[in-house]
Each structure stands twice: as C-alpha cells, then as structure tokens.
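> give the three-dimensional model of this entry:
(3 chains)
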Amino acid sequence: MSLGKLVERLLQLIPVLLGVSVIVFVMMLFTPGDPVEIMLGDQHVTEELEQAMRRDMGLDLPPHERFFKFLGNALQGDFGLSYYHRQPVADVIASRLPATIELSLAALIFALCVSIPLGVLAAVKKNSILDRIATVTSLFGVSMPGFWFGILLILFFSVTLRWLPVSGNAGFSSEVEPITHLLLVDSLLRGRPDAFWDALRHIILPAITLGLPMASILMRVTRASMLDVLDRDYITFAEAKGLRRTKILVKHALKNALIPTVTVAAIETGSLLGGNMVVETVFGWPGLGRLVVESIFVRNYPLIQAAVLFYAVTYVMLNFAADILYTVLNPRVRL
Amino acid sequence: MADTVLDITDLKTCFDTRDGMVTAVEGVSLSLARQESLGVVGESGSGKSVTFASVMGLIKPPGFIAAGSIRFNGRELVGLNPAEYRDLRGKEIAMTMQDALTALNPAYTVSDQIIEVLLAHDETLGGTRRARKRQAREKALEMMRLVGIPAAETRLDDYPHQFSGGMRQRIMIAIALACRPKVLIADEPTTALDVTIQAQVLELIADIRERLGMSVVIITHDLGVVAEYCDRVAVMYAGQVVETGPTAEVIANPLHPYTQGLIASIPRLSDLKRRIRPILGTVPNLIDLPAQCRFMDRCDQAQSRCRSLIEMRDMGGGRQVRCAMAPGGSDG
Amino acid sequence: MTAVTDPEAPAIAPKGETLFRRNMRLFASSKLSMFFLAITVGFVIMAIFAPWIAPHDPNAPDLFRRLMPPAWMEGGDWTYPLGCDALGRDILSRIIYGSRVSIFIGAAVILVATTIGVLAGLAAGYLRGWVDVVISRLVDILLGFPYLIFAIALIAMTGPGLQNIILALAYKEWVIPCRVVRGETLATSEIEYVEAARALGAGSRNIMLREILPNILSPVLVVSTVRMAHVIILEASLSFLGLGVQPPTASWGSMVADGRSFMLSEWWLSTFPGIAILLLVLSINVVSQGLRDAFDPRFHD
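Below is the predicted model:
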C-alpha cells in the first residue's frame, strides 16, 4: 500500500470522526437537567456564582459555538472536571484505562488462540465429530449472555472448585511498580513471578467471558474461509508439487484463510469495548467499563461523554486498522 | 515395451456421491513412451482430467481408484502410500493446471513458489538451510529464464497477480519443470489464454520437451492443439478412451464416429463454405451406465449390435478403436 | 459486525416469490430448524398469554417464601416450581412475564430497524446519486459507534424506560439491514427482469416495491433473525446493568442481576432466568442458521 493511499484513507476518517463527535455533543445537549445544578448537588450558592460557573463552562454560548469549544477542548485532551472524583475527566479515564486494555488484550488473545486452531481443524476434518462439536459450541458462544456466563464461571471455578479468585484484578500482596500499567507485563518486567501468577489467575475468567462471543465468531469465519481456500486450485497445485500435507495446510492454506479472520478480529475488537462494561461489572474489574456504568448512576455526565467519545474514536481506529491489515495481508489489493 | 514411461491399464475411478456411484473413468488404458507427446481430447466430463488426477494420486474422497493399474517406469502407483507418492509428484511426474491465476498462490512471490518445490525434491541442493535456499533461488532464476520470462532476475520477488496471463502460465510451467520431471501433464494449458498467447505457450512446452527429453501429456478439448503438437492422440468419451493412434493418421482417417464428429466440428478457415457440423445431444449420465456403446444415442451409425459391451479393438499401425461398426481389424 | 449475510448469495430468480417459497420449503425440511422454531414460537406464546399461563402474580412479594428453593430441593414446593426470589416472588411467573420484555423489545427494535433499514437501503441502492451518498455517509458514521456503549450512554442521558431502550437499540440497528438491502438492490437492479420492467415504463416506486423487494426478502429475513437474537442479549445486558425496564417489572437480565448476590447459596435466582435467555437466543440463532442454509444457493441441487 502506497503512502498516498494511506493518507487518503486517513483523510476519509475525518468526516466519520466529526460525525461521531457531533452525535456525542448533541447527546449532551439533550441531556435533561442543568449541568451546573447537578454539579452543585445539594450545595447552595449565590445566583452570581451560578452564572459565573455557567459562563465558565460555556453554557451561555449558542450551540454551534459550544460544539467548537467542546471539539477544541477534546482535541487537547480536556474533557472538563469529573465532579464526582474531583479530578479532570481525562485523568480519571487514564487511571482506569490500563485495566481495560489488559482485559481486552487477554480476551483477544484467548479468542484468537481458541478460534484459529479450532476453525482450521473443523475445516480440515469437515463433518467429523470435532467439526460438529466446534459448530455447536460456537452457536452456544454467540447465544450466551456474557453476564450470566461470567456468573456461572465464578460459581464453578471460584466458589465450588476454589481454583480462581472471585473478582478484582490483583491481590494486595502483588503490587508492582508500574511501567506499562499492565499488570501481567509489569510483573514480568519487574521479575515478580508471584505477582504475574496472581494477575494471571485474576484475569482468566473475565478474559474468557469477554472473549467467548468473539472466539465463536472467529471460529466460524476461520472454518468458512479455510473450507473456501482448501477448495482452491492453488491447493491442488501445491499437492501436485509433492509438498507435505502440513506444509500445504500451514503455508498455502492458512495464510490465505486468515485474511478474513484477522479482518473480522480487528472489527470485533471494537465490540469487546461494549462487552467490557458488562464483564467488568460482573468481575469487579477496575477498568473503564465499570467506571462508565458507575458514572451513570451518579449522573457524572462529563465522564460518560468523554468515555463515549473515547470508545467511539477507538472503535473507528480499530475499523481503520482492520482495513489496513486487510490490505497488507492481501498482496492482490496492494496498489 | 521397455521405452514406456507411463502405463495405465484398465483404470476405473469412481466417485461415491449422494446421487449414486459415478464412474468417471472406466477401462482406460493408455501408455506414454519416453519423449513422446500424447494428446488427450474430450469434452468436459469425458474423464480426461480424472484419468490424470488418478495418475497424480490426487483423487480425494468421495473419489477413489476402483480398479486398474498405473505404472511409472515399471513401478505400480495405485496403492502407493502418501509419502511415497509425495516423493514422486513434482519430481518425477509434474502437472500444470488450466488457469495459472488460480493455481498460483496469491499470497507468495513466484520465486517462493518455485523454490519450495526445489527444496522439497531437489537432492543436488546441499549444505546449510540457508545455502540450500540460495542454490534453489539460483535454480528458480534459471527456470524463469528457461520459460522465457523477460528480465527474470528483476521479477523473482513479484507476486503472481503482477504478471500477465501468458507469463503466469510460463511461471506455472517453470514450477512444474523445476525438478526436471520425466513426465509433464499439462491440463488444458491453453484454455485460459488468448489465442495469440496459446501458441507461444504450446511452443514453449514443445521446445522444453525436446531440450529436457521428457514426455508430455496435453489434456485438451481442442483437437487443433493436438494436431499441431502431439505425436499420438487419445480421444475420450464418457469415461472411456474411444480411439487412439498416431495423430496424423487419426485425423486423416478417424475410425470412431465421435472422432469423426469432433473433426467435422472444427471450423476451418480454408473451407468457409463447408458447414460446421456439431455433434448433437449430450454426454450420458455416468451413474448406472448400461453395458453398451456409450456414444450410441448420439451416433448416426448406431445399429443393434452397438447394444452390447464394446471392447477396444486393435486396428494395426498402433491404432485402436472402441466401435462395433469400425471396419476390419482384429477383436481386442 | 458479525457475518450476518452471505455476500455470495443474492437471492435472485426470475420469480422472486417462488424462490422464496422454495427456500422456505427447504428450511422446513430441516428437523433441527423446525424443533428450535417450535421453541421460539413457544416463547412467543408464553409472552402473549403470560397472565393466563403464569401460576402467580409475578410482582406479589411474600416474605414467608423468601428464597424458597425449587420444588425438587429440600424445602421446595410444587406450587412454586422454580422457587422464589429474595422478596418471595415466584421465579417461574417472573420468567414467564420477563419473556414479554425480551420478546417485545427484540421484536419492536427489529421491526423499527428493518422498516427503516429496508426503505433506506432500497432508496440508496435504487435511486443512487445524492440519496445514496447521504445514506451511506450516515451509515458510516453510525457504524463508527460501538453498539452497547452508545446505547448505554443514550439511556444514561434519557433515562431508562421501554421507549428509550427501544430507541437506544434501534438508532444503529437499522444500519445493518440497510447495508444488506443496499447491496442486494445494487445487484438486483442490474438484472434483466428489472431492466425489462423499467423499459416497460414502470415507475421507480413500483419497481422497488414490486420487483426488487420480493427478491431481497430472504437475506432480510436472515439478517433480522440473527440480529433479533443479538438485540435480546443487548436488552438483557442493559437490564443486568440496571438500565433496562425498571422494577418491579420482571426482566430476565435484572433477575440475573438481583440473584447475583445470592449465588453462593441460592443459585436458582440467577440460574433459571439465565437459562431462559440462553434458550431463547440459541433457538433464534439456530432458526437463523437454518434460514441461511436454506437460502444459500450453494446448498441447493
């Protein structure tokens, strides 16, 4: 892919991102209740002070000016103050983000590690018992409500078997000096296998819960594209060349079969963002998803707004990445 | 015959489908002499591709070889285990496919696809892994030059889609010939190509056959291709060989009504006034075929004795025909 | 985005309706699909006739029956087959009434989304030009939002309530049938019989509704079923987070949430409503899969 093409694609993102921020802004505009009153809560202040606050927050400006102010601030990473936390919204989000990223990555890794081998095997042994089991499992996987599945896992592995912790992301004893803020990575970098083990035990169940629907979808995609690829002439030709079966499967079939899988994986990573809210709530995971859910109940609107914008931008970028990945993996579309 | 490279005897290949047992090939006997070129002609569904897929050991379930023998240099191939077959394919017997665009893997460069077959079979490569790769790359370049890729050294690392149709076909031939096989099976080598490119590719195959001293099977539905490039021809119909013999003689004096029909249906520029006579009707369903001449429903010479099992008959001069009506000859 | 349609399978035939019927016959011939269709229909009947089917008032608390176990366990009673919740309400009755919420919201969202999506998709695919540009841009922007997050934010802003939930879920849902219909329409309008109709002087509206619509019925049906299953899970997730229909109305998601704090001992509180969600969603998904297989031309002949 040429640089020009890349720039062109990047430019195409601008209207989408702009549209996204307009929607988030309009959503805020129509939020019932006066932000200043919500912010003040039960405190009583003078009329002048209230007016001053209103001016300060730009609430007295006409909507289009408020939008540009909102956009300008957002571009500088300023999302206002979280009255609930008495901290800038950006700081609160930044403090919760690593846990969410770590959980999402773990779920992604789980989904890829399960779905690709299973999908390939199901395709190679089409109509075998293994194929049937994989198909039925994936059907269950997309039909399972995540919050309930999480509870079942806790009930079984944490309560009954007592193998894994019930909730949270780390025990008290396993605190490590942050480097990347991802516990699994930091504990390894700091040479703390005990902390790594502890973090791993905490992340297994939420990662499986979060990754299950994605794993199911990716399994189906991999199986279907593998079946498609195995039918291609270049596989027959590779056989006619006298290559080994494993070489044919791994080199000739898998690389082509994975193109749709990887593309769908990048897109589906976006849907992990939504799943995070539910899974983090079930497992008491101290991430952004749970923060948003908690914020709803205390009507912490600036935070919700910033988080939604953040999620939406991430989502757009992931779709963009999926696009680029598809181009890179597929030499035919390289221009 | 000591000079026979490939000897197919009474081959029967079936496919166990949901609709019933399809006998795609039955009673096929063909032989290929050293350095000979054999043309196999027939419409789609005549069993010509299945016959040579059987030779390559590429028949997969639900298909299987039900009977017969395939000998390569005297060695029986039917029932060979997968590892032994693998050592043969691409090294001793190679194959090209109809459309290089689909036969070449879009995800790898052409050099990669030539190199891998060399690494799999070429015993002259030696040394470390890296050294073997380097030697294989040298040979790949040599092969690309051999098949006439212009500026081959600059094109080694291009992807298949970056080549024109004719160049892709040449690259596929380069892959097939990389290990200097004794036999090349070219399955419809010209179908996917423009008319002007067709001749170039066929010339290339003929030229390389002479230089490397190999035998070639050209599978085609185009009798014109066979007339030009093949020493001998085998005409297939509904899973059987209906006529074989030296090309010139078969074309000058076809004995089987189907062969006659094929020749009559070729348009000739020199004889525009003559009407092309298509063969009417369609190939019979290959499930539960009755023991009779398979062409009789479309044959204008059919008689009651065609309703019995028709065997291949030796007509002398290396010619054989499967027709009850063919004059003379001795029953085979 | 899930693989909701098969791009290689535009349902195209000279006579749309006969093809659709043929597909439905093929679908009906699968025993597995019919079995799960029966379960789905059973749920719908249960939702419609809930007041007659439910053995008790779903919202009547009784502290004497608090956390009563299911009938087959010690302390259980066959009058309350699945036991009672923390307020002593009959779990079976609440599950039966809860099906109303899931099915009503699922059906309403899909109905709204499909209607908008089909009309917008038809307009974009058939009229093209600026209509297509506007609709496609809008689709692109809405696709830029992660689904659940935006629904949650919308509800957070507007407050929970049946209407708000339906709107929050439908705001983006229509994009999915719209994209499918647009693609199918682009493909279908090139086909001879549509061009023939155009040549005969049929108006745009007539062509869209009479000639094209019947042919995109099959993919739309597949998409709406698979999306309905998804919407039901989304609604349950919202309810679980406390953003769905408000108490005391029974919904499966909130029942699971309520039972969560009791799961160490009174496991039945969360388990049964969870099974209900799984069973309904699974059934719809199997039916959808059956439809897809039946409509896929590769499975024909």
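> now for the closest residue to A:Glu175 other than its chain neighbours: which residues touch it?
Taking CB to CB, 6 or more residues apart in numbering or on different chains, and ignoring the residues beside it in sequence, A:Glu175 has A:Ala195 as its nearest neighbour in space, at 7.5 Å. For glycine as for every other residue, the C-beta is placed from the backbone atoms N, C-alpha and C. Going by CB atoms under 8 Å, 6 or more residues apart in numbering or on different chains, A:Ala195 touches A:Ala170, A:Ser174, A:Glu175, A:Val176, A:Leu183, A:Asp186, A:Ser187.
> what's the lowest-pLDDT member of these?
Lowest pLDDT within the contacts of A:Ala195 is found at A:Ser174 (68).
> related to what we said a few turns ago, make JSON lines out of the contacts of A:Ala195 and add secondary structure.
Listed next are the contacts of A:Ala195 as JSON lines, based on DSSP: H, G, I helix; E, B strand; the rest coil:
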{"residue": "A:Ala170", "secondary structure": "coil"}
{"residue": "A:Ser174", "secondary structure": "helix"}
{"residue": "A:Glu175", "secondary structure": "coil"}
{"residue": "A:Val176", "secondary structure": "coil"}
{"residue": "A:Leu183", "secondary structure": "helix"}
{"residue": "A:Asp186", "secondary structure": "helix"}
{"residue": "A:Ser187", "secondary structure": "helix"}
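> would you write a ChimeraX line that selects the buried entries of the residues you listed?
To isolate the buried members of those in ChimeraX, using 16 or more other CB atoms under 10 Å in any protein chain shown:
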select /A:170,174,176,183,186,187
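> quick one, helices of the chain?
In the absence of a named chain, chain A is used. Along chain A, the stretches classed as helices by DSSP state H are A:3-29, A:35-40, A:47-56, A:63-75, A:89-124, A:129-143, A:146-153, A:183-189, A:193-230, A:233-240, A:245-247, A:255-283, A:288-297, A:301-329.
> I was after chain C.
Secondary structure of chain C (DSSP H): helices located at C:16-28, C:31-48, C:50-53, C:91-122, C:129-143, C:147-158, C:162-173, C:175-188, C:192-199, C:204-206, C:213-240, C:252-260, C:268-295.
> nearest to A:Leu161, of these?
Proximity to A:Leu161, assessed across these by CB to CB, is greatest for helix C:268-295 (17.3 Å).
> who are the packing partners of the closest one?
helix A:129-143, helix A:146-153, helix C:16-28, helix C:31-48, helix C:91-122, helix C:213-240, helix C:252-260 (3 or more CB pairs under 8 Å, 6 or more residues apart in numbering or on different chains; DSSP states H and E).
> any chance of these in CSV, with mean pLDDT, mean neighbour count and distance to B:Pro181 too?
Output for those, formatted as CSV (pLDDT from 0 to 100; neighbours: other CB atoms under 10 Å in any protein chain shown; distance: least, CB to CB, whole Å):
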stretch, mean pLDDT, mean neighbour count, distance to B:Pro181
helix A:129-143, 91, 17, 36
helix A:146-153, 92, 24, 56
helix C:16-28, 73, 16, 47
helix C:31-48, 92, 16, 49
helix C:91-122, 93, 22, 55
helix C:213-240, 88, 25, 48
helix C:252-260, 90, 25, 66
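> now the ones you listed in CSV, with distance to C:Glu266?
CSV is the format used below for the helices and strands packed on helix C:268-295 (distance: least, CB to CB, whole Å):
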stretch, distance to C:Glu266
helix A:129-143, 25
helix A:146-153, 13
helix C:16-28, 42
helix C:31-48, 24
helix C:91-122, 10
helix C:213-240, 18
helix C:252-260, 7
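> for A:Leu303, find the nearest of those helices.
Minimum separation from A:Leu303 across those (CB to CB) falls at helix C:213-240, 19.0 Å.
> quick one: is the closest one near chain A?
Yes: for helix C:213-240, a contact with chain A is found by CB under 8 Å from any CB of the partner chain, at C:Ala229, C:Ile233, C:Ala236, C:Ser237, C:Phe240.
> what two of these are the furthest from one another?
By the measure CB to CB, C:Ala229 and C:Phe240 form the most distant pair in these, at 16.7 Å.
> hmm, back to that, could you single out the nearest of the residues of helix C:213-240 next to chain A to chain B?
Among the residues of helix C:213-240 next to chain A, C:Ala229 lies closest to chain B (CB to the nearest CB), at 31.4 Å.
> so that closest one makes contact with A:Ser143?
Yes: the criterion here is CB atoms under 8 Å, and C:Ala229 meets it with A:Ser143 at 6.7 Å.
> need the overlap of contacts for those two.
Common contacts of C:Ala229 and A:Ser143, defined by CB under 8 Å, 6+ apart, comprise C:Val281, C:Asn285.
> re the thing from before, return the member of the contacts of A:Ala195 nearest to chain C.
The closest of the contacts of A:Ala195 to chain C turns out to be A:Ala170 (CB to the nearest CB; 22.1 Å).
> what sits against the closest one?
Shown in contact with A:Ala170 (CB under 8 Å, 6+ apart): A:Leu183, A:Ala195, A:Asp198, A:Ala199, A:His202.
> what's the neighbour count on the closest residue to B:Arg155 other than its chain neighbours?
Spatial nearest neighbour of B:Arg155, chain neighbours left out: B:Ile149 (6.0 Å); criterion: CB to CB, 6+ apart. By the criterion of other CB atoms under 10 Å in any protein chain shown, B:Ile149 has 21 neighbours.
> can you pull the pLDDT of B:Ile149?
At B:Ile149, the pLDDT value in this model is 90.
> correct me, but it touches B:Met167?
Yes: under the criterion of CB under 8 Å, B:Ile149 is in contact with B:Met167, at a separation of 6.1 Å.
> which parts of the stretch 101-250 of chain C sit against chain A?
Neighbours of chain A within the stretch 101-250 of chain C, by CB under 8 Å from any CB: C:137-138, C:140-141, C:143-150, C:152-159, C:229, C:233, C:236-237, C:240-243.
> give me the contact list for stretch A:253-262.
Applying CB under 8 Å, 6+ apart, the external contacts of stretch A:253-262 come out as A:115-116, A:119-120, A:123, A:218, A:221-222, A:224-226, A:228-230, A:232, A:235, A:322, A:325-326, A:329-330, B:105-108.
> same thing but 6 Å
In this structure, residues lying in contact with stretch A:253-262 by CB atoms under 6 Å, 6 or more residues apart in numbering or on different chains are A:Leu218, A:Val221, A:Thr222, A:Ser225, A:Met226, A:Val229, A:Leu230, A:Leu325, A:Leu329, A:Asn330, B:Ala107.
> report the two of these separated the most.
The largest separation in the contacts of stretch A:253-262, counting by CB to CB, is between A:Leu230 and A:Leu325 at 22.7 Å.
> quick one: which of the two has more around it?
A:Leu230 (19 against 15).
> and stretch A:161-170, what's buried?
By 16+ other CB under 10 Å, the buried positions in stretch A:161-170 come out as A:Leu164, A:Pro165, A:Ser167, A:Asn169, A:Ala170.
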